[in-house]
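Colleague: Need coordinates for the following:
(one chain, ligands or ions: 1)
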Amino acid sequence: MAQLNKEALIDIRRHLHEYPELAMHEFDTHDYLLATIKAMNQQFLEIREIKELPTALLVYVHGSDPKRTIGYRTDIDALPVTEETGLPFASKNVGVMHACGHDIHMTTALGVLSHFTEQQPKDNLIFFFQPAEESENGGKVAYELGVFEGKWRPDEFYGLHDNPDLPAGAIGCRMGTLFAGTTEVNVDLIGKSGHAAYPQNANDMIVAAAQFINQVQTIVSRSVNPIEGGVITFGKLDAGTIRNVIAGQARIEGTIRGLTQKMIEHIVDRLKQVANGVATSYGAKVEIQFNQGGYLPVENNDDLTRRFIEFAKQDSQTDFVETEPAMTGEDFGYLLSKIPGTMFWLGVDDDSQLHSATLNPKESAIPKGVHSIVRFLEYRMANE
Ligand SMILES: CC(=O)N[C@@H](CCC[C@H](N)C(=O)O)C(=O)O
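Modeller: Okay, here's the model as predicted:
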């Protein structure tokens with residue numbers, strides 16, 4: 001197969017979009033990626049599978065005169081969202097959708113890879129097709145399995161995320177922190193169920209949960225430096241079984257975000273205080289779990305990011321936008337804490353936001369993104 005052209009890229013993206021799979025269950029996605037990569041020129045390639053992380057894929061492109069090994073990572077998982085785009089290629093996997101654009105990420109990575117299967121790069125390249133970005137931190141899992149050891153350790157790592165707020169195909173980046181760190185939080189409030197008619201004999205955890213959720217709103221508004229900012233979102237609340245039984249338990253699931261690890265820790269401490277305070281005042285038991293995993297703040301490496309931005313600014317074929325830090329999280333933050341590199345945005349120009357059931361990224365972003373990334377990698381390989 002020759003280098004993937006625009007039409008081939010769009011076909012690939014639509015196939016991936018139709019068959020999204022959740023974190024650590026990306027089996028068909030893995031098989032499709034593998035088949036697509038195997039159809040490329042194999043002359044410079046080495047494909048690697050990981051037994052303990054069976055949906056992941058690594059591809060090594062041997063350089064002609066390597067001075068370094070450059071890593072490029074794409075995530076491959078989807079979200080438990082029911083698609084509402086009405087597109088002819090909408091998700092066929094009920095309740096699952098590429099609502100964060102990882103179909104765009106994968107296709108762009110395949111486009112870049114296919115270019116270098118036809119035109120051997122000077123440096124070595126490693127493409128990492130990573131499972132489980134949305135949850136279960138596949139990047140950290142891979143790192144801890146020792147996947148990036150020996151010749152498979154990139155000297156520098158790059159990766160992108162699509163951005164509906166930027167023009168299609170534009171590249172966005174910034175020095176320093178690009179994305180927030182995140183911590184998942186689960187709060188279980190445990191009281192006593194009972195008949196709806198006899199509240200005095202029960203301990204209603206719907207009321208306690210409502211109080212807890214309200215009080216939590218004061219953490220960011222009253223306990224966080226507004227210049228620094230932070231986020232607490234509870235996206236899931238589960239309590240009760242029927243209207244006339246008082247709920248004896250409530251489970252509230254959310255995510256905390258901060259641009260520094262210190263801020264995340266500060267919010268975690270305040271959240272514990274609020275949860276314990278509400279539990280005491282309602283005579284309830286509370287269990288709180290936090291899970292940060294690999295979702296560290298995404299810290300772009302100074303030297304590499306300066307070069308990346310310099311390239312993007314001066315390249316007449318790249319439309320570059322300097323961006324603000326974002327409160328989205330990314331487990332690429334973990335990989336960048338181990339291996340220096342740069343994360344950047346690829347504009348996909350859409351009115352819907354990431355994680356929305358109507359997200360419909362502009363496909364024209366894909367060939368433009370491939371073109372800019374190939375040009376950047378060639379520029380990088382031509383320089384010290
Ligand atoms: C780009 C993006 O949307 N990433 C996710 C990462 C999720 C981290 C973790 N599971 C959490 O919910 O805290 C995001 O929600 O920002």
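Colleague: Of all the residues in the helix or strand hosting L9, which ones are buried?
Modeller: In this assignment (DSSP states H and E), L9 forms part of helix 6-18. Under the neighbour-count criterion of 16 or more other C-beta atoms under 10 Å, helix 6-18 has A8, L9, I10, I12, R13, R14, H15, L16, H17, E18 buried. From N, CA and C alone the C-beta is placed, and that goes for glycine too.
Colleague: Show me what the following helix or strand past it is in contact with.
Modeller: Moving toward the C-terminus from helix 6-18, the next helix or strand (DSSP H and E) is helix 27-38. With contact meaning C-beta atoms under 8 Å, 6 or more residues apart in numbering, helix 27-38 is reached by 12, 15-16, 19-21, 45, 47, 54-57, 59, 76-77, 106, 110, 113, 129, 131.
Colleague: Next step: these restricted to strands.
Modeller: L45, I47, L57, V59, F129 (DSSP state E).
Colleague: in the sheet, who's paired with the closest residue in space to the fourth one that isn't next to it in sequence?
Modeller: When you say that, I think you mean V59. Using C-beta to C-beta, 6 or more residues apart in numbering and skipping residues adjacent in sequence, the residue nearest V59 is F127, 4.3 Å away. Applying DSSP bridges to F127 yields these beta-bridge partners: V59, Y72.
Colleague: I'd say F127 and L58 touch.
Modeller: Yes. F127 is within contact range of L58, at 7.0 Å (criterion: C-beta atoms under 8 Å).
Colleague: The protein against the ligand: which residues are in contact?
Modeller: Selection of the chain residues close to the ligand by C-beta under 6 Å from any ligand atom yields 100, 134-135, 161, 182, 184, 255, 295, 328-330, 354-355.
Colleague: Tell me the gap between stretch 37-44 and the middle of its chain.
Modeller: 28 Å (C-alpha atoms, centre = their mean, to the nearest Å).
Colleague: And for stretch 232-247?
Modeller: On C-alpha atoms, centre = their mean, the centre of stretch 232-247 falls 28 Å from that of its chain.
Colleague: buried ones in it?
Modeller: Those would be I232, F234, L237, A239, G240, I246, A247, for stretch 232-247 by 16+ other C-beta under 10 Å.
Colleague: taking those one by one, which sit in strands?
Modeller: Counted as lying in strands by DSSP E, out of those, are I232, F234, L237, A239, I246.
Colleague: who's in contact with G240?
Modeller: I206, I246, A247, A250.
Colleague: Recalculate using a threshold of 7 Å.
Modeller: I206, A247 (C-beta atoms under 7 Å, 6 or more residues apart in numbering).
Colleague: quick revisit: would you reformat the buried residues of stretch 232-247 as a markdown table and include pLDDT?
Modeller: Output for those, formatted as a markdown table (pLDDT from 0 to 100):
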| residue | pLDDT |
| --- | --- |
| I232 | 98 |
| F234 | 98 |
| L237 | 98 |
| A239 | 98 |
| G240 | 98 |
| I246 | 98 |
| A247 | 98 |
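Colleague: so which pair among those residues is furthest apart in space?
Modeller: I232 and I246 (26.9 Å; C-beta to C-beta).
Colleague: Compute the first-to-last residue distance for stretch 54-70.
Modeller: 23 Å (C-alpha to C-alpha, to the nearest Å).
Colleague: quick revisit: report the angle between the axes of the helix holding L9 and helix 27-38?
Modeller: 160 degrees (axes from the mean of the first three to the mean of the last three C-alpha atoms, to 10 degrees).
Colleague: Which stretches in the stretch 251-384 of the chain count as strands?
Modeller: 285-291, 298-299, 320-322, 341-347 (DSSP state E, counting those that start in this stretch).
Colleague: Now tell me what touches the shortest one from outside.
Modeller: Outside of strand 298-299, the residues within contact range by C-beta under 7 Å, 6+ apart are G176, T177, L178, F179, E330, F332, G333, L336, S337, M343.
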